[in-house]
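>>> Predicted model and sequence follow; I will ask about them next.
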Amino acid sequence: MDDIDLHSKKVLLRVDINSPVSENGKILDDSRIKAHVVTIKELLNNGNSVVLISHQGRPGDKDFISLEEHAKILSQHLGEEVTFIDDVIGPYARESIKKLESKRVLLLDNIRLISEELIEAPPQQHAKTFLVRKLAPLFDAYVNDAFATAHRSQPSIVGFPLVLPSAAGRVMEREVSALARIFNPEDSPKIFVLGGGKVHDTIRIIENLVRRRIADRILTGGLVAELFAVAKGMNLNPKNMEILEKLGILSLVPRARKLLLSGAPIEIPVDYKVENNGSVSEEPSNRINGIIKDIGTTTAEIYSSFIKEAKVVVLRGPMGVIEDERFKDGSKSVLKAALEGQGYVIIGGGHMVSVLDKGSNLDSSKVHISTGGGALLLFLSGEKLPALEALSLSRVSKS
Ligand SMILES: Nc1ncnc2c1ncn2[C@@H]1O[C@H](COP(=O)(O)OP(=O)(O)O)[C@@H](O)[C@H]1O
Ligand SMILES: O=C(OP(=O)(O)O)[C@H](O)COP(=O)(O)O
């Protein structure tokens, strides 16, 4: 933001306020919303008017909701009114942007309401989308503060830097510089605790970690663990297999098997917390009758013993269905073990971060809480992030 003129301009600011959402559509954790206040405040203090864009969830998922509640929460943290615009690239949004006065803030609705936003493609292609062509002419500059979405080559992330003066926001800058500084490939043992539901992203991350020999041990939870359990030939029972099938996770079994046969240091749970007709119990991994909802107590204890020996621990994605209080224990256990251990701890992912005890005062010299999950891990595993590549293209094209 120090490299381009951001004074008294109209600025399009891409943030990532994608947050964990309860079954009834309420925001469960506002960490990501709070994180962007620093960038927004700086832009407003320099006389800019700011239009925010972000996604929430994915079409078809329960957490794919409007950003109206996000605007209310952001207004509280910012201490300024954030006007929610019930539109994205239509005439109402464009007129509101044109009329926006200095030092005011708008938040457009969920950017993934625009079908183009779900397409992954190079910056040159996305610069020609309706989304970019409708919005870019209304702005003087584009700032990308969405580190947590930096791994997505989608229009709102990579399409604008080729057509507007662009810069990284303060959250993006802080994450990239902090992670580059703290993540020393030489430190070992390095343990990765990988859970959650984005299994297609996570297997790609694990393949990178194994190929580059970055991880000394990978402890799995969530749906990631179930993939590797199936790959190991374990019988998870038809109910769990149906869930995995519906999510397209079973198609990843060959890749998981290849990783296991290559000797990748991947651990899977020895027991699970399951739900059966509404009741919760624990079952050994070789006799699963219920629907898997969390790792079991024995697994949590074993994982915790590994974690406490690590020099670096990276955790991303919860061990269980943390939207339900009954299935938070696995995630809480591994987080507790990491924070009590002697190693450096990096915690990422919207859902995993939401499990942290808000009251705990964490030692910033040994803990980095990232706003990113998949983006964090792909960055640590050595992949180039499309958002950063697009910003560097912008600098080249400007010069
Ligand atoms: N065993 C499980 N079965 C189904 N969903 C799970 C399970 N464990 C975790 N999840 C889901 O994973 C989701 C979070 O995954 P992900 O987005 O990858 O994590 P993060 O946001 O921390 O990166 C949560 O919605 C949670 O309900
Ligand atoms: O929550 C996010 O990623 P994460 O689940 O890896 O933390 C980002 O907002 C990206 O969301 P996406 O994975 O739907 O593109």
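In hand now; what should we look at? Numbers count the residues shown, from 1 in each chain. Ligands and ions are numbered 1, 2, ... in the order given.
>>> which residue ranges form the strands in the stretch 251-399 of the chain?
Along the stretch 251-399 of the chain, the stretches classed as strands by DSSP state E, counting those that start in this stretch are 266-267, 271-276, 279-284, 291-295, 312-316, 344-348, 367-369.
>>> Check whether the fourth one comes near ligand 1.
Yes - Strand 291-295 is in contact with ligand 1 by Cβ under 6 Å from any ligand atom, via 292, 293. C-beta: built from backbone N, CA, C; applies to glycine.
>>> In the stretch 151-300 of the chain, which residue sits closest to ligand 1?
residue 196 (2.6 Å; Cβ to the nearest ligand atom).
>>> Looking at the strands of the stretch 251-399 of the chain, which one is packed in the most?
Mean neighbours per residue, mean count of other Cβ atoms under 10 Å, is largest over the strands of the stretch 251-399 of the chain for strand 312-316, with a mean of 28.
>>> what about that strand and ligand 1, any contact?
Yes - interface with ligand 1: strand 312-316 contributes residue 316 (Cβ under 6 Å from any ligand atom).
>>> repeat for stretch 14-24
No - Stretch 14-24 stays clear of ligand 1 (Cβ under 6 Å from any ligand atom), getting no nearer than 6.9 Å.
>>> Keeping just the C-alphas, turn the helix or strand residue 42 falls within into CSV.
Using DSSP states H and E, residue 42 sits in helix 37-45. Output of helix 37-45 as CSV, limited to C-alpha atoms (Å, rounded to 0.1, in the frame of the first residue of the first chain):
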residue,chain,number,x,y,z
VAL,A,37,-10.1,-3.2,10.2
VAL,A,38,-6.5,-2.1,10.2
THR,A,39,-6.4,-1.9,6.4
ILE,A,40,-9.8,-0.2,6.1
LYS,A,41,-9.0,2.4,8.8
GLU,A,42,-5.7,3.3,7.0
LEU,A,43,-7.5,3.8,3.7
LEU,A,44,-10.3,5.9,5.3
ASN,A,45,-7.7,8.0,7.3
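>>> so how far is that helix from its chain's centroid?
Here helix 37-45 is found 22 Å from its chain centre; the criterion is Cα atoms, centre = their mean, to the nearest Å.
>>> can you list the residues of the stretch 51-200 of the chain near ligand 2?
Going by Cβ under 6 Å from any ligand atom, the residues of the stretch 51-200 of the chain near ligand 2 are 58, 148, 149, 152, 198.
>>> what's in contact with the helix holding residue 42?
The contact list for helix 37-45 (Cβ atoms under 8 Å, 6 or more residues apart in numbering) reads 1, 6, 11, 13, 15, 50, 52, 74, 77-78, 80, 103, 105, 143, 145, 169-171.
>>> Please type out the PyMOL selection for whichever of these turn out to be buried.
Entered in PyMOL, the line below selects the buried ones among these, by 16 or more other Cβ atoms under 10 Å:
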select buried, resi 1+6+11+13+15+50+52+74+77+78+80+105+143+145+169+170+171
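>>> and the nearest residue to residue 184 once chain neighbours are set aside, what does it touch?
With sequence-adjacent residues excluded and distances taken as Cβ to Cβ, 6 or more residues apart in numbering, residue 184 is closest to residue 312, at 8.0 Å. Neighbour list for residue 312: 183, 184, 187, 188, 189, 190, 191, 343, 344, 345, 346 [criterion: Cβ under 8 Å, 6+ apart].
>>> Go again with 6 Å.
Counting by Cβ atoms under 6 Å, 6 or more residues apart in numbering, residue 312 makes contact with 187, 190, 343, 344.
>>> which of the residues you listed are buried?
190, 343, 344.
>>> which residues touch the last one?
Contacts for residue 344 were tallied using Cβ under 6 Å, 6+ apart; they are 312, 366.
>>> Adjust the sequence numbering to begin at 16 for everything that follows.
Sure, I'll start numbering at 16, so the last one becomes residue 359.
>>> Look at the residue in the stretch 16-165 of the chain positioned nearest to ligand 2 and give its secondary structure.
Per Cβ to the nearest ligand atom, residue 33 is where the stretch 16-165 of the chain lies closest to ligand 2, at 3.4 Å. In three-state terms, and counting by DSSP: H, G, I helix; E, B strand; the rest coil, residue 33 is coil.
>>> Please name the nearest non-neighbouring residue to it.
Nearest non-adjacent residue to residue 33, counting by Cβ to Cβ, 6+ apart: residue 71, 5.2 Å away.
>>> neighbours around the one you found, how many?
Neighbour count of residue 71, defined by other Cβ atoms under 10 Å: 23.
>>> That one: what secondary structure?
Residue 71 is classified as coil under three-state DSSP.
>>> Up against ligand 2, what does the stretch 266-414 of the chain have?
Checking the stretch 266-414 of the chain against ligand 2 by Cβ under 6 Å from any ligand atom, the hits are 364, 365, 388, 389.
>>> what about residue 206, distance to residue 355?
14 Å (Cβ to Cβ, to the nearest Å).
>>> Please say which of those two ends up with more neighbours.
Taking other Cβ under 10 Å, residue 206 and residue 355 do not tie; residue 206 has more neighbours (27 against 11).
>>> what is the mean pLDDT for stretch 34-44?
Mean per-residue pLDDT for stretch 34-44: 93.
>>> Kindly format the C-alpha coordinates of it as CSV.
This file holds the C-alpha atoms of stretch 34-44, laid out as CSV (Å, rounded to 0.1, in the frame of the first residue of the first chain):
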residue,chain,number,x,y,z
SER,A,34,-16.6,-17.0,8.5
PRO,A,35,-17.9,-20.1,10.2
VAL,A,36,-21.7,-20.1,10.2
SER,A,37,-24.1,-22.0,12.4
GLU,A,38,-26.8,-24.4,11.2
ASN,A,39,-29.3,-21.5,11.3
GLY,A,40,-27.0,-19.2,9.3
LYS,A,41,-25.5,-17.1,12.1
ILE,A,42,-21.8,-16.1,12.1
LEU,A,43,-20.0,-18.1,14.7
ASP,A,44,-16.6,-16.3,14.7
